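1. Structural data only, the sequence is not supplied:
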C-alpha cells in the first residue's frame, strides 16, 4: 500500500504499520476446531454405548447412593406368581383381580366396590365365589410358607358414619374382616395380618390438576390388596439367644447351650428301610445311631449331643464316607425338654412258640447262659414271642444280636417296642461356611448379600468359631434349591443343611 507524501506520519499517534494480508485458506482452522469437538463428543457417546436399549438411564441415577438401592431377597415369589396366574387365569382375564410383582412381594388386588357396599366393611355374598377361587389357588400352590398382609385402601372422599369416624377405620375394618374370612377358610392365622391405609397410598390421582374429581381413578383406588411376602428378618426365635453387641455394633447370635444336635441320614416311611439304613451306617462308622418317629416318617440320625462343632465334624465325616453331601444337621432346641422326641426302642426277637411253656424254657436258658433278661409277649395270633428288653442304642442291640445269633445258631431279627410317636416338624436353614475370624464371616456375608441377594446372619459357636447362616424357611423345596445354588458358587463354600426341629 503506497504512502501519501502530504501526510506527516512522524507525529502520528499510531505507528506506521503495514496491514496484515489475509491468507486464503484460513477458514480451514475453524473447520478443524469444529471437527475436533464433534470427534470428542462421539468418543463420549461410544464410551457409554454398553447400555442396552432396555436399560433405564438417567444422570441422577449415576449419583444414587447404595443405601437407596432396593434389596432383593432370594425367595420363590416368582414361582408363586406364575402358579397363581395360571390358577386364576379367568379371574385376571375378566379384570376381577390384578396380580402384580412389587420387589420381593406379590400383590393380588381386588376392587372394593365388588367386595363391599359403599361405607360398609361387610363382605358381599356375591363376592364369595371369587374369594374362594383365590383361597383355593393359594392353598394349592406348591409354596405355602409365605405370609399374607391384607391391605384396605379407600379414595379421598371423607366418610362420617355411626360405624366409622373416617376412612382409616373403614379401611382397617375391611382388611380385618377379610383376614377373618381367610382364616376361616383354613389359612393359618399366624400367616395373616390386616392393615388399613385409608387414602394415603393411591395408585392414581383422585383429582386432576384443577382439583376436579376423576371418578374412574377413585374407583381404582378403592381396593383391597393381598400382599404375599416372606419374613426375612433375622429373628432368633426359640432356638437362638442374643449376646452382647460387638465392636461394630452388630448383634452376633450364639447357639443356645441347651440345644442338642445330631446328623440326619434320612427319613423313611418304613421302619425296616430305616433300620437297614441305620445298620449300614453303624457298621461303617464308630458312631451310634437311633431312630425317631413323628407319626409319619422314621428318621435315622446320630445319637444327639450338646456339642455343635463335634456334630459338624461327624457330619463332614459321614458325608465324605457316604458320598452324600446333603445330609441334614438336626437342631433340637426345645424350651421344654419334655417335648423332645424320644428315640424308638429296639428289641431283639429271639424266638416265637405256639406254647407258653416252650417260650418260658428259651427265656430261662438265655438268662442262665448269657444273663439276658427277656420278655414274653402273647400276640393276637396266639404265638408267644421271646424278646429282649428294649434299648435305644442301636449299636448295643446289633452287637448283642450278633453274639446271640452265633451262640444259638439261629437268626433273629430286630423290631421295636411299643411305638409312641412324638410329633415334630422342621424349619430349614443353610450354613454357608465356618470361620475362626468374625471379620472374614462379615466380609463373605456382604458379598453374598450383594452378589446373590441372600439374607444371612452370623452365629458364634461354643468353640469360638463363627457360622454364616442363611435365613430360615419352612419350604423344603426352596431350601434345597438354595443349597444347590450355594454349592456351585465361585466361593469355596461347604454348605450344611440345618433342620431346626420344632414341636408338632
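-> Happy to help now that I have it. Since the model is a prediction, treat every value here as computed from it, not as a measurement.

2. And for residue 157, nearest residue in space, chain neighbours not counted?
-> residue 218 (7.0 Å; Cβ to Cβ, 6 or more residues apart in numbering). Yep, even glycine has a C-beta here, placed from its N, CA and C like the rest.

3. no wait, residue 92
-> In this structure, residue 92 finds its nearest non-sequential neighbour in residue 99, 6.1 Å apart by Cβ to Cβ, 6+ apart.

4. wait, what's in contact with the one you found?
-> 81, 84, 85, 88, 92, 106, 107, 108, 109 (Cβ atoms under 8 Å, 6 or more residues apart in numbering).

5. Could you list every helix and strand that the helix or strand where residue 425 lies packs against?
-> Using DSSP states H and E, residue 425 maps to strand 424-435. When contacts are defined as 3 or more Cβ pairs under 8 Å, 6 or more residues apart in numbering; DSSP states H and E, strand 424-435 packs onto helix 438-452, strand 466-470, helix 476-487, strand 496-503.

6. got the angle for the first one vs strand 424-435?
-> It refers to helix 438-452. 110 degrees (axes from the mean of the first three to the mean of the last three Cα atoms, to 10 degrees).

7. same thing with the last one?
-> Using the same axes, to 10 degrees, the inter-axis angle of strand 496-503 relative to strand 424-435 is 150 degrees.

8. list the buried ones in strand 496-503?
-> The neighbour-count check on strand 496-503 (16 or more other Cβ atoms under 10 Å) flags 496, 497, 498, 499, 500, 501, 502 as buried.

9. Quick check: which of the helices and strands packed on strand 424-435 is nearest to residue 282?
-> Comparison of those against residue 282 by Cβ to Cβ identifies strand 496-503 as nearest, at 20.7 Å.

10. Relative to that closest one, what are the paired strands and their orientations?
-> strand 328-332 (parallel), strand 424-435 (antiparallel) (DSSP bridges).

11. how about the nearest residue to residue 85, chain neighbours excluded?
-> In space, residue 85 is closest to residue 99, 5.7 Å off (Cβ to Cβ, 6+ apart).

12. did I read that right, the one you found in a helix?
-> No - checked against DSSP: H, G, I helix; E, B strand; the rest coil, residue 99 lies outside a helix; its state is strand.

13. tell me the pLDDT at it?
-> As predicted, residue 99 sits at a pLDDT of 94.

14. gap between it and residue 173?
-> 25 Å (Cβ to Cβ, to the nearest Å).

15. Check residue 161 too.
-> From residue 161 to residue 173 the distance is 11 Å (Cβ to Cβ).

16. just to revisit the earlier point, can you name the residues bridging to the residue nearest to residue 85?
-> Beta-bridge partners recorded for residue 99 (DSSP bridges): residue 108.

17. Residue 207: neighbouring residues, count only.
-> 13 (other Cβ atoms under 10 Å).

18. For this protein, just list every one of the helices.
-> Applying DSSP state H to the chain gives helices spanning 27-47, 77-87, 89-93, 112-115, 128-139, 167-184, 215-221, 271-283, 308-322, 356-370, 394-408, 438-452, 476-487.

19. From the contact counts, what lies against the shortest one?
-> Same thing as helix 112-115. helix 167-184, strand 223-229.

20. Quick one: these as a markdown table, columns for distance to residue 298 and mean pLDDT too.
-> Formatted as a markdown table, the helices and strands packed on helix 112-115 follow (distance: least, Cβ to Cβ, whole Å; pLDDT from 0 to 100):
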| stretch | distance to residue 298 | mean pLDDT |
| --- | --- | --- |
| helix 167-184 | 34 | 92 |
| strand 223-229 | 35 | 95 |
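
21. which of those sits most buried?
-> strand 223-229 (a mean of 22; mean count of other Cβ atoms under 10 Å).

22. Now tell me what touches that strand from outside.
-> Contacts of strand 223-229 (Cβ under 8 Å, 6+ apart): 77, 80, 102, 104-112, 115, 134, 138, 146-153, 174-175, 178, 203.

23. what about 7 Å?
-> 80, 104-112, 115, 146-153, 174-175, 178 (Cβ atoms under 7 Å, 6 or more residues apart in numbering).

24. Stretch 186-196 now?
-> Contacts of stretch 186-196 (Cβ under 7 Å, 6+ apart): 135, 138-139, 147-152, 168, 171-172, 175-176, 179, 182-183.

25. Could you do stretch 349-367 as well?
-> 372-374, 376, 383-388, 404, 412-413, 415.

26. Buried only: go through these for me.
-> Here, 16+ other Cβ under 10 Å leaves 372, 374, 384, 385, 386, 387, 388, 404, 412, 415 buried among the contacts of stretch 349-367.

27. In CSV, list these along with distance to residue 130 and pLDDT.
-> Compiled in CSV, the buried ones among the contacts of stretch 349-367 are given as follows (distance: Cβ to Cβ, whole Å; pLDDT from 0 to 100):
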residue, distance to residue 130, pLDDT
372, 69, 80
374, 66, 83
384, 64, 86
385, 60, 83
386, 65, 84
387, 60, 85
388, 62, 83
404, 68, 79
412, 63, 73
415, 54, 81
